[in-house]
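A.B. asks: Sequence and predicted structure below; questions after.
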Amino acid sequence: MTRVVLDSNIYVSALLFGGNPRLVVELAEQSFIDVYCSPPIQKEVARVLHEKFLWSKEPTTKATNYLWSLARCVTPRTRVNDCPDPDDNRVLECALEVRAAYIVTGDQHLLSMHPYHGISILTARQFLEGQFPKS
């Protein structure tokens, strides 16, 4: 099965806005892809929901618990500093740890690094079009 790391912005967008990020999460719900995350990605999603979108603790916990039930959490053993945004390095570390085929993100720092050590870095739309081309 295809190994995918979703950036925190994909999780947040899926919860708040739907669209292509939600469709990517639905692929995990339907077991079409294997999604991986790490503690730093989990913390970033909770932080953004709480601080930027002012979600209280209970809805944040409920939503993130559901998201993490769809993903396999790993603790990367290798640290990297290849991206100008230090937080984005945590996504790269997770992808390297699980030998992901894809990173799905809306972050320009990460997108500009495509490909990274053989890992395709794509937007949600690019990922969906590549995996499930329209007829």
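C.D. replies: Ah, there it is. Computed from a predicted structure; not experimentally measured. Residues are numbered from 1 along each chain as shown.
A.B. asks: Could I get the phi/psi values of S69?
C.D. replies: For S69, the backbone dihedrals (degrees, to the nearest 10) come out as phi -70, psi -20.
A.B. asks: Sorry, wrong one. I was asking about S31.
C.D. replies: Recorded main-chain torsions at S31 are phi 60, psi 30, according to degrees, to the nearest 10.
A.B. asks: quick one, what contacts the closest residue to it other than its chain neighbours?
C.D. replies: Spatially, and ignoring its direct neighbours in sequence, S31 is nearest to M1 (7.7 Å; CB to CB, 6 or more residues apart in numbering). C-beta: built from backbone N, CA, C; applies to glycine. For M1, the residues meeting the contact criterion (CB atoms under 8 Å, 6 or more residues apart in numbering) are 31-34.
A.B. asks: hmm, 10 Å instead?
C.D. replies: Contacts of M1 were listed using CB atoms under 10 Å, 6 or more residues apart in numbering, and they are 31-34, 101.
A.B. asks: How much space separates A46 from R72?
C.D. replies: According to CB to CB, to the nearest Å, A46 and R72 sit 18 Å apart.
A.B. asks: still on that earlier bit, could you report the pLDDT at the residue nearest to S31?
C.D. replies: In the prediction, the pLDDT value recorded for M1 is 89.
A.B. asks: ditto for the one 3 residues further on
C.D. replies: pLDDT for V4: 98.
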